[in-house]
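Visitor: kindly generate the corresponding structure for this input.
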Amino acid sequence: MNRLGLLLAAVGLALAVWIIAAQDFSAVGALLTAAGFGLILASFTHLPAMVLNAWAWAVLMPGTQRPNLLLMTHAVWIRESVNALLPVGRVGGEVATYRVLRGWGVGVAPAAGGLLMDVALSLVSQLLFALLGLGLLAAGGAVGWLGLLLGLAVGFGCAGAFIAAQRLALFSRVVGALNGVAAGRLSVFAEHSARIDRYVRRGWRRPRAIALALLWQLAAWVAGSLEIYVALWLLGHPVTLAEALVIESLIQAVSSAAFLVPGALGVQEAGFIGIGALVGLDPATSAALALTRRIRDLVLYIPGLIAWVWAERRLSGRG
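Guide: Residues are numbered from 1 along each chain as shown. Have a look, this model is predicted:
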């Protein structure tokens, strides 16, 4: 845990508390009380999205070393838990799951290469999901088409650059250059990076697998809208599936943009208030919805952190 992450977490937590407290707190409390234990059960509506993400990731790892769907879902659970609750800039989960995959016997290249491709495609699929949500808003006149197109151009440009860097094997080239400067002291690292880059470059030559992974990821994003739909139904403010999709797509985009802030604390709460207003939710309902997302994080991701610690202990025991 770095100091910047802890500082951002503290500031974000203070901002989140202030945003929630600034609403009609009695109304927020009444909504949560009326929903009751159902909000705990609603947390598990996130599981279909996790399974779909696991399958999308597995598609990118062909061969005998690919773990089964249950293990891949376990890896997704750990990755999301670490990224959501720890100050790791949304990359610590990838490091944690790489170690878990290696502990399961997955080779260096499939573990790291499949993960890199999954991350790259997730950027594209999330942009497509955001496009879907923004398109629904633009069709209703809530946002302008020009701003939508400019945002997408920037997003796809960043995702395209990330994918291009993988296809051009820039990682192994940089490591190779550093190994030369270090007089061969990084030779093992350079060898691993070259194997990973070869694996990734072969992977990008499999258009069917890429298309399938992208479609499964997009399906996972859409499935995440079920959480919003069920939560608002429990809170007594039901919305249409399209409105739930708009809220989920935009809140995911806001949370991803705030990747340096652990759990997007404060930023996510502000996002729920603003996005809720676009679909006609009052501030108290939006604040209650934001708290249900935090309940989900606690219900699913604290056990996920425990599972990660247990996996790390097993790895250390083997060493």
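Visitor: ok, and the closest non-adjacent residue to Val51?
Guide: Distances taken as CB to CB, 6 or more residues apart in numbering put Thr73 closest to Val51, at 5.4 Å, once the chain neighbours are dropped. Glycine gets a C-beta too; all of them are placed from N, C-alpha and C.
Visitor: now that the one you found has come up, it's in contact with Ala56, right?
Guide: No - using CB atoms under 8 Å, Thr73 makes no contact with Ala56, being 11.3 Å away.
Visitor: more neighbours: which of those two?
Guide: Using other CB atoms under 10 Å as the criterion, Thr73 and Ala56 rank with Ala56 on top: 24 against 20.
Visitor: for the helix or strand hosting that one, buried residues please.
Guide: With secondary structure defined by DSSP states H and E, Ala56 is part of helix 47-59. Within helix 47-59, the residues that count as buried by 16 or more other CB atoms under 10 Å are 49-59.
Visitor: report pLDDT for the residue nearest to Val51.
Guide: At Thr73, the pLDDT value in this model is 97.
Visitor: swap in Gly114?
Guide: Note on Gly114: pLDDT of 90.
Visitor: what of Gly36?
Guide: Looking at Gly36, the pLDDT reads 90.
Visitor: how about Leu4?
Guide: The model reports Leu4 with a pLDDT of 72.
Visitor: contacts only, for it.
Guide: Shown in contact with Leu4 (CB atoms under 8 Å, 6 or more residues apart in numbering): 87, 260.
Visitor: so which helix or strand takes in it?
Guide: With DSSP H and E as the test, Leu4 turns up in helix 3-21.
Visitor: returning to what we had before: the next helix or strand after the helix holding Ala56 to helix 3-21, inter-axis angle?
Guide: Following helix 47-59 in sequence order, the next helix or strand is helix 69-85 (DSSP H and E). Using axes from the mean of the first three to the mean of the last three CA atoms, to 10 degrees, the inter-axis angle of helix 69-85 relative to helix 3-21 is 80 degrees.
Visitor: okay, helix 69-85 in PDB with CA atoms only?
Guide: C-alpha atoms of helix 69-85 as PDB (Å, rounded to 0.1, in the frame of the first residue of the first chain):
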ATOM      1  CA  LEU A  69     -14.300 -21.900 -15.500                       C
ATOM      2  CA  LEU A  70     -14.700 -22.200 -11.700                       C
ATOM      3  CA  LEU A  71     -11.000 -21.400 -11.100                       C
ATOM      4  CA  MET A  72     -11.100 -18.500 -13.600                       C
ATOM      5  CA  THR A  73     -14.100 -17.100 -11.800                       C
ATOM      6  CA  HIS A  74     -12.100 -17.400  -8.500                       C
ATOM      7  CA  ALA A  75      -9.300 -15.500 -10.200                       C
ATOM      8  CA  VAL A  76     -11.700 -12.700 -11.300                       C
ATOM      9  CA  TRP A  77     -13.100 -12.600  -7.800                       C
ATOM     10  CA  ILE A  78      -9.700 -12.000  -6.300                       C
ATOM     11  CA  ARG A  79      -8.700  -9.500  -9.000                       C
ATOM     12  CA  GLU A  80     -11.900  -7.400  -8.500                       C
ATOM     13  CA  SER A  81     -11.500  -7.600  -4.700                       C
ATOM     14  CA  VAL A  82      -7.900  -6.400  -4.600                       C
ATOM     15  CA  ASN A  83      -8.600  -3.600  -7.100                       C
ATOM     16  CA  ALA A  84     -11.800  -2.400  -5.400                       C
ATOM     17  CA  LEU A  85     -10.700  -2.400  -1.700                       C
END
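Visitor: that helix: what's the following helix or strand?
Guide: The C-terminal neighbour of helix 69-85 among helices and strands, as given by DSSP H and E, is helix 92-103.
Visitor: contacts for that next one next, please.
Guide: 67, 74-76, 78-83, 86, 88, 108, 110-112, 115, 119, 308, 311-312, 314-315, 318.
Visitor: max-length helix in the protein?
Guide: Secondary structure of the chain per DSSP state H: the longest helix is helix 283-318.
Visitor: starting at the chain centroid, how far to that helix?
Guide: Here helix 283-318 shows a centroid-to-chain-centroid distance of 13 Å under the convention CA atoms, centre = their mean, to the nearest Å.
Visitor: on that earlier part again, buried subset of the contacts of helix 92-103?
Guide: Applying 16+ other CB under 10 Å to the contacts of helix 92-103 flags 67, 74-76, 78-83, 86, 88, 108, 110-112, 115, 119, 308, 311 as buried.
Visitor: what's the local residue count around Glu94?
Guide: 18.
Visitor: which ones are touching Ala290?
Guide: Here Ala290 is in contact with 16, 19-20, 268-269, 272-273 (criterion: CB under 8 Å, 6+ apart).
Visitor: most surrounded residue in those residues?
Guide: Counting neighbours by other CB under 10 Å, Phe272 leads the contacts of Ala290 with 28 neighbours.
Visitor: test my guess that it contacts Leu289.
Guide: Yes - between Phe272 and Leu289 a contact is recorded at 5.6 Å, counting by CB under 8 Å.
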